[in-house]
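Pasting a predicted model and its sequence here:
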Amino acid sequence: MGTQGKVIRCKAAILWKPRAPLAIEEIEVAPPKAKEVRIKIVATGICGTDINSMDTEQLSQLCPIIMGHEGVGIVESVGEEVSTVRTGDKVIVLCLPQCGECNTCLNSKNNICTEIRLSWKHLAAEGRITCKGKLVHQYIATGTLCEYTVIKEISVAKIDEGTPLEKVCIIGCGFATGYGAAINSAKVTPGSTCVVFGLGGVGLSVIIGCKAAGAARIIAVDINKDKFAKARTVGATFCVDPRDLEKPIEEFLIDMLNGGADFCFEVTGNTETVATALGSCHKDHGVCVIIGSIGSCSNKINISSHLFFSGRTLKASVLGGWRTKEEIPKLVSDYMAKKFNLDPLISHTLTLSEANEAVQLMKSGQCIRCVLLP
Ligand code: APR
Ligand code: ZN
Ligand code: ZN
């Protein structure tokens, strides 16, 4: 390819400080070292988590940082000891790695590989990417809002050669997170009743998962009614804006669903909605799943203890519980086999240079997912 072994100069969308706009800058991407892979990014989505993090003060410790974590591309080169991908392979970036060696990877059925924190630190400390002489961090050890990146082999998986890359990038986080929360974390049962709070890309993917699992009723809740049409398209049987009700949404749902839902999902990103979602679960057996990040890490969740004088379960789910390196490529194959449709989730397509427009679209609530192409 002519670039192997050399530093690549290319574009990236960089956040220099929290709440600032993204700056499209030239970066230098070093060749991959042992167990690392350099990837030409072909498509990347912007996720609600990027948007929330960009506004938190905590991110200042990691600035300058390349945002983005939903990416697909083609392997440009690999470092020594890399065995699972090679130059020219189509790959999906894994914002949660699967190292195959830690306690989780060896002993658990869940997916919180302990390498996730270490990967952030190692990549940054070793300075694979620089901009204007400064070391650049990569958001969630990936940072896909760029033309080329270097990441660890454990954070990338090969996908089918025939995959069209423009759409499947959103499987890397948003789709896998929502769909897996229904299938793996909640284990939605046929004939059940589900309630989904928040109808962004992740919430709609939860609905797709609930429907695939055979749920009989899927209630979609959002404070933005513009989200209802899409929610119905992907499987919601009833849509409601809590602000239109005369009583709290949990009371409304408990009455409507004869005691509450079998499964509730918090997908708004707000701490307050967690108690609402838990309170909307059936007192006897309802399961409430909190999905992804809820605001800044210092936030507290305020839940009245009476909600737990019951048989309810409250649980969390990260990246849909998928063991990423093994299972995300299978989701891509399922998409190719038309087991689900990603079209309703991709509302906009722009270029990397238009990353700020994409952020504004997400903030305005007009956008489900915006995919950025080079
Ligand atoms: N009640 C109901 N819906 C709400 C509320 C609320 N109090 N607050 C926000 N919402 C809705 C928004 O109107 C929006 O439609 O929640 C939706 C959130 O969607 P996005 O911002 O597009 O986020 P998404 O990418 O789907 O991710 C959802 O999961 O992983 C986390 O950090 C991520 O916070 C994000 C959340
Ligand atoms: Zn691991
Ligand atoms: Zn995400």
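Cool, got the structure. Ligands and ions are numbered 1, 2, ... in the order given.

For residue 188, identify the helix or strand it belongs to.
Under DSSP states H and E, no helix or strand contains residue 188.

residues contacting it?
Under the criterion of C-beta atoms under 8 Å, 6 or more residues apart in numbering, the neighbours of residue 188 are 182, 194, 209, 210, 213, 214, 215, 262, 263. (Glycine included, C-beta is placed from N, CA and C.)

My guess is residue 114 contacts residue 101. True?
No - using C-beta atoms under 8 Å, residue 114 is not in contact with residue 101, being 9.3 Å away.

Residues touching the helix or strand hosting residue 220, excluding its own?
If you go by DSSP H and E, residue 220 is part of strand 217-221. Contacts to strand 217-221, defined as C-beta under 8 Å, 6+ apart, come from residues 192-199, 203, 207, 210-211, 227-228, 231-232, 235-242, 249, 253, 256-257, 261.

Which of the residues you listed are buried? Put it as a PyMOL command.
To isolate the buried subset of these in PyMOL, counting by 16 or more other C-beta atoms under 10 Å, use the following:
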select buried, resi 192+193+194+195+196+197+198+199+203+207+210+211+227+228+231+235+236+237+239+240+242+249+253+256+257+261
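
just for the stretch 51-200 of the chain, where's the confidence low?
Across the stretch 51-200 of the chain, the ranges flagged by pLDDT under 70 are 125.

Give me every residue in it that's in contact range of ligand 3.
Residues of the stretch 51-200 of the chain lying near ligand 3 by C-beta under 5 Å from the ion: residue 173.

can you tell me the residue of the stretch 51-200 of the chain closest to ligand 3?
residue 173 (3.2 Å; C-beta to the ion).

check contacts around residue 87.
Listed by C-beta under 8 Å, 6+ apart, the contact partners of residue 87 are 1, 4, 75, 76, 77, 78.

buried subset of those residues?
Applying 16+ other C-beta under 10 Å to the contacts of residue 87, the neighbour count classes 75, 76, 77, 78 as buried.

And the second one, its phi and psi?
Right, the one you point to is residue 76. Dihedral pair for residue 76: phi -90, psi -40, per degrees, to the nearest 10.

and what of the last one?
Backbone torsions of residue 78, given as degrees, to the nearest 10, read phi -130, psi 150.

Could you tell me how many residues sit around residue 39?
If you count neighbours by other C-beta atoms under 10 Å, residue 39 ends up with 30.

if we can go back for a sec, tell me which entries of the contacts of strand 217-221 lie within helices.
203, 207, 210, 211, 228, 231, 232, 249, 253, 256 (DSSP state H).

show me which of those residues neighbour ligand 1.
Residues of those in contact with ligand 1 (C-beta under 6 Å from any ligand atom): residue 203.

Quote the end-to-end distance of stretch 35-53.
End-to-end distance of stretch 35-53 (C-alpha to C-alpha, to the nearest Å): 28 Å.

With ligand 1 in mind, check whether it reaches it.
Yes - using C-beta under 6 Å from any ligand atom, stretch 35-53 reaches ligand 1 at 47, 48, 49, 52.

For the buried ones among the contacts of residue 87, work out which two are farthest apart.
For the buried ones among the contacts of residue 87, the farthest-apart pair by C-beta to C-beta is 76 and 78; their separation is 8.7 Å.

Now list whatever residues contact both of the two.
Shared contacts of residue 76 and residue 78, defined by C-beta under 8 Å, 6+ apart, are found at 38, 87.

what's the burial count for residue 61?
8.

just to revisit the earlier point, near ligand 1, anything from the strand holding residue 220?
Yes - Strand 217-221 reaches ligand 1 (C-beta under 6 Å from any ligand atom) through residue 221.

How about the residues of the stretch 101-250 of the chain by ligand 1?
The stretch 101-250 of the chain comes close to ligand 1 at residues 174, 197-203, 221-224, 227, 242, as judged by C-beta under 6 Å from any ligand atom.

excluding its backbone neighbours, what's nearest the closest residue to ligand 1 within the stretch 1-150 of the chain?
Residue of the stretch 1-150 of the chain nearest ligand 1, by C-beta to the nearest ligand atom: residue 48 (2.5 Å). Distance criterion C-beta to C-beta, 6 or more residues apart in numbering; nearest residue to residue 48, sequence neighbours excluded, is residue 200 at 5.4 Å.

mind listing what the one you found touches?
By C-beta under 8 Å, 6+ apart, the contact set of residue 200 is 48, 174, 227, 267, 368.

Over to residue 80?
Contacts here follow C-beta under 8 Å, 6+ apart; on that basis residue 80 touches 33, 34, 35.

for residue 53, same thing?
By C-beta under 8 Å, 6+ apart, the neighbours of residue 53 are 59, 67, 139, 293.

and what of residue 324?
Contacts for residue 324 (C-beta under 8 Å, 6+ apart) come out as 94, 96, 97, 98, 111, 113, 157, 176.

Recalculate using a threshold of 6 Å.
Listed by C-beta atoms under 6 Å, 6 or more residues apart in numbering, the contact set of residue 324 reads 94, 96, 98.

Same question for residue 270.
Applying C-beta under 6 Å, 6+ apart to residue 270 gives no contacts.

Could you pull up phi and psi at it?
Torsion angles at residue 270 (phi, psi; degrees, to the nearest 10) stand at phi -110, psi 140.

wait, what's in contact with the residue nearest the centre of the chain?
Per C-alpha atoms, centre = their mean, the C-alpha nearest to the average position across the chain is that of residue 173, at 2.9 Å. Contact partners of residue 173, counting by C-beta under 6 Å, 6+ apart, are 47, 69, 70, 95.

Out of these, who's the most crowded?
When neighbours are counted by other C-beta under 10 Å, residue 70 leads these with 32 neighbours.

That residue and residue 168 touch, don't they?
No - contact criterion C-beta atoms under 6 Å: residue 70 and residue 168 do not qualify, at 9.7 Å.
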